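1. predicted coordinates and the sequence they were generated for:
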Amino acid sequence: MTKRGKAYDDSVKMFDAEQLHPPAQAFELVKASGKKKFDETVDVAFRLGVDPRKADQMIRGTVSLPHGTGKSARVAVFAAGDAAREAEAAGADVVGTDDLIKRIEGGWMDFDVAIATPDLMAQVGKLGRALGPRGLMPNPKTGTVTNDVGKTVAEFKAGKVEYRTDRYGNVHVPVGKASFEAKALLENYHAVLDEILRAKPAASKGKFVRTAVAATTMGPGIKIDPAFAKLEDSLKGVAAA
């Protein structure tokens, strides 16, 4: 059993771990529960009403956070010629073709997002075993296979994040840093929630967003009431009927 530190134990005493909190209150508690020794990432885990065994009930996509993530994503781009120059101008951290593929085959993985032009996907496909398990394989569904590499690099640098269901039907998404104002975390959370609701599979029946839990990197999970489906509801403190 993992031993928790005193700071964790103290933060747990601040709230009822089983209570559902309105989103605005939840993010105030998240900020208060941070360890403060470093600027922790704030993540939200959604449990969705999907059957993870069925491909048509899995969702994957990207969403731009209005306040970013609090860090600049490290972006690798598979592109050549004008597209490569466009990616570099947009701030890509590394750009290449065969040289980049060999580097990754050798074990280098110092990036958060991989983008590729369609003409290079046949070659990039060789990296499936390396990139796939880490969720880094360029994919048309997330807009990371594109000819518009400059725009895509800029979007990920500015705070676009990817979301995808895992094998248990959960989605984990970063919504900022503990240093963010609670309202900024709230607005980022609702941007993610709006996108997840929009992506609801037709085959999913019953309640779609079953639970939502927010936590800092080292802090306890705080349950968010999913009845607050819209930002305006959260700002008013009134759940949708």
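-> All right, it came through fine. Residues are numbered from 1 along each chain as shown.
2. can you show me the strands along this protein?
-> Taking DSSP state E as the criterion, the chain carries its strands at 41-48, 60-64, 75-78, 94-96, 113-116, 160-164, 170-177, 209-216, 222-224.
3. so what's the residue count around residue 105?
-> The number of residues packed near residue 105 is 12, by other CB atoms under 10 Å. Placement of C-beta: from N, CA and C, glycine included.
4. quick one: pLDDT of it?
-> Residue 105 carries a pLDDT value of 96.
5. that one against residue 129, yeah?
-> No. At 9.8 Å, residue 105 does not count as touching residue 129 under the criterion of CB atoms under 8 Å.
6. deepest-packed of the strands of the chain, please.
-> Among the strands of the chain, the stretch with the highest mean neighbour count (mean count of other CB atoms under 10 Å) is strand 75-78, at a mean of 28.
7. quick check: mean pLDDT of it?
-> pLDDT averaged over strand 75-78 gives 98.
8. now swap in stretch 43-51 and tell me
-> 96.
9. can you spell out which helices and strands pack onto the longest helix that the chain contains?
-> Longest helix in the chain, counting residues (DSSP state H): helix 182-198. Judged by 3 or more CB pairs under 8 Å, 6 or more residues apart in numbering; DSSP states H and E, the packing partners of helix 182-198 are helix 23-33, strand 41-48, strand 60-64, strand 160-164, strand 170-177, strand 209-216, helix 231-236.
10. select, out of these, the one closest to residue 109.
-> Nearest to residue 109 among the helices and strands packed on helix 182-198 is strand 160-164 (15.9 Å), distances taken as CB to CB.
11. what angle separates the closest one from strand 41-48?
-> Angle between the axes of strand 160-164 and strand 41-48 is 40 degrees (criterion: axes from the mean of the first three to the mean of the last three CA atoms, to 10 degrees).
12. partner strands of strand 160-164 and their direction?
-> Under the criterion DSSP bridges, strand 160-164 sits next to strand 60-64 (antiparallel) in its sheet.
13. quick one, the partner strand and helix 182-198 angle?
-> Orientation check (the same axes, to 10 degrees): strand 60-64 against helix 182-198 gives 150 degrees.
14. in the sheet, who's paired with the residue nearest the centre of the chain?
-> Taking CA atoms, centre = their mean, the centroid of the chain lies closest to residue 173, which sits 3.1 Å from it. With DSSP bridges applied, residue 173 shows beta-bridge pairing to residue 44.
15. that one contacts residue 164, correct?
-> No. With contact defined as CB under 8 Å, residue 173 does not count as touching residue 164 (9.4 Å).
16. and the longest helix of the chain, C-alpha only, in CSV?
-> C-alpha atoms of helix 182-198 as CSV (Å, rounded to 0.1, in the frame of the first residue of the first chain):
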residue,chain,number,x,y,z
ALA,A,182,-9.7,28.8,-10.2
LYS,A,183,-11.8,30.5,-12.9
ALA,A,184,-9.2,29.7,-15.6
LEU,A,185,-9.2,26.0,-14.5
LEU,A,186,-13.0,26.1,-14.6
GLU,A,187,-13.1,27.5,-18.1
ASN,A,188,-10.5,25.0,-19.3
TYR,A,189,-12.5,22.2,-17.7
HIS,A,190,-15.7,23.2,-19.5
ALA,A,191,-13.9,23.5,-22.8
VAL,A,192,-12.9,19.8,-22.4
LEU,A,193,-16.3,18.8,-21.1
ASP,A,194,-18.0,20.5,-24.1
GLU,A,195,-15.8,18.7,-26.5
ILE,A,196,-16.3,15.3,-24.8
LEU,A,197,-20.1,15.8,-24.9
ARG,A,198,-19.9,16.8,-28.5
